[in-house]
Structure formats: C-alpha cells, structure tokens
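next comes the sequence, and after it the predicted model I'd like to discuss.
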Amino acid sequence: MALRSVITALFFLLALARIELSACHVLEGKISCLDCTRDYDFSGIKVQVKCAQVKKLATANTQENGSFKVELPSDTSKTPRAETCLAKLLGGPDQLYAWKRNLVSKVVKAHELNSYTISTPLAFSTTCPLASRDAKCGAPTEIGSSKTVNLPLPPEWGLAPSSYYVPFIPIIGIP
C-alpha cells in the first residue's frame, strides 16, 4: 500500500515538473469603427503586435464586438517591455479606410498583473473619408489616353507589332 502511494506521488511530481509557470504578458484591446451601424460584425479583422528588439510578431483576430486578446511576442532570451511594443490594425475581410494616426497604437500597462492595453483607439471607416476621396480612395482622375500607336508592318517580315519595340518615334538629324 505504501508503495502504491509513493508511485502515485512520484507520478504527480513528474507531471508537475513538466508544467512551466508562464509569465505571459497579455494585450487586450478593442477596435472601433467611425461610420458603422450598431450591429456591425468586427470578426476577422487582424491586429498585429510588434515589440522592439524581438523578431517575432503576434497577430490576433477580433471578435464580433471588436475586442481582441493576444500574447505579447517574446524571444526566449528577452522579455518584451510594454513601452517598446506597438499594436497595428492590419485589415479585414472587407476594405477598410483609416488615417495613419488611427492605425498604430502604443502598448501600455493595464491595472491587472501581466496585462496590457492600447493607449489610443485603433479606429477605421468602411467608406472613404470625404476629405481624401478624390486623391487616395481610387476615384478616377483625368489622365490622357494611353493608347499606343501601332505602325503597319508587312506580315511577311515576321516582326512583332511595332508598339512592342518602338514606344516613341526618334528624331534624327537635328543639328
């Protein structure tokens, strides 16, 4: 009977020895939409976290309400410092528009132990903002015709169309 309890205790000690206490640093945050309806589904939008002097990146997908939770990236030799980490809004299943100041946020310490949050909100729009609609959102601009001139060449010569190798007519003989 004593042997059985010693073997059981030994088994539990071996099982517990394999468990490493994790000092993981968790970033919790929430993204927001500037022009969405109340029932907008935020799921599938990606947020990336990068810490200075750490080669790894951490990526999280948002939940339906816009919240996300990700462990801060760390190498085995270095633990990340929150002051050196940035969270960036990457994109989602639909086209998103955002100002540069709303794309990146610094990571700051939260009230709980090993918990972090973002300092400024990560915000986006689903439609192009009015101020930059013409210049940056793909609105057509007035550009001249890009039609090339194709000089007629006899088919017996076996050459490709002239627009492939003569994009301009050289001017020769100007003194």
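Arrived safely, thanks for sending.

tell me where the chain has helices.
2-18, 100-103, 133-136 (DSSP state H).

V70 bridge partners, please.
Applying DSSP bridges to V70 gives these bridge partners: L27.

pretty sure it contacts H25?
No - V70 lies out of contact with H25 (CB atoms under 8 Å); the separation is 9.9 Å. C-betas here are computed from N, CA, C, even on glycine.

pLDDT averaged over stretch 101-113 - what is it?
Per-residue pLDDT over stretch 101-113 has a mean of 89.

list the buried residues for it?
N102, L103, V104, S105, V107, A110 (16 or more other CB atoms under 10 Å).

and of these, the nearest to D35?
N102 (12.6 Å; CB to CB).

how close does F124 get to C51?
In this view, F124 and C51 are 23 Å apart by CB to CB, to the nearest Å.

so where's the protein uncertain?
Residue ranges of the chain with pLDDT under 70: 1-3, 6, 9-23, 76-83, 130-151, 162-175.

can you give me the strands for it?
Applying DSSP state E to the chain gives strands spanning 26-33, 46-51, 57-61, 67-71, 85-91, 104-109, 115-118, 122-124.

tell me the strands beside the last one, with direction?
Sheet pairing here is set by DSSP bridges, and for strand 122-124 it gives strand 26-33 (parallel).

and the angle from the partner strand to strand 104-109?
Between strand 26-33 and strand 104-109, the angle comes out at 140 degrees (axes from the mean of the first three to the mean of the last three CA atoms, to 10 degrees).

show me what counts as buried in strand 26-33.
L27, G29, K30, I31, C33.

ok, back up a step: of the strands of the chain, which is nearest A98?
Once the strands of the chain are compared by CB to CB, strand 122-124 is nearest, at 4.2 Å.

contacting residues for K55?
Shown in contact with K55 (CB atoms under 8 Å, 6 or more residues apart in numbering): D75.

distance of it from W99?
Relative to W99, and taking CB to CB, K55 is found at 29 Å.

over to A87?
A87 is 16 Å from W99, by CB to CB.

the more surrounded of the two?
A87 (27 against 13; other CB atoms under 10 Å).

tell me what that one is bridged to.
V49, S105.

how about the one 4 residues further on?
Residues in a beta bridge with G91, per DSSP bridges, are K46.

is it in contact with G44, as I believe?
No - using CB under 8 Å, G91 is not in contact with G44; the gap is 9.5 Å.

K46 contacts G92, doesn't it?
Yes - counting by CB under 8 Å, G92 is a contact partner of K46 at 6.7 Å.

overlap of the contact sets of these two?
With contacts taken as CB under 8 Å, 6+ apart, K46 and G92 have T62 as neighbours in common.
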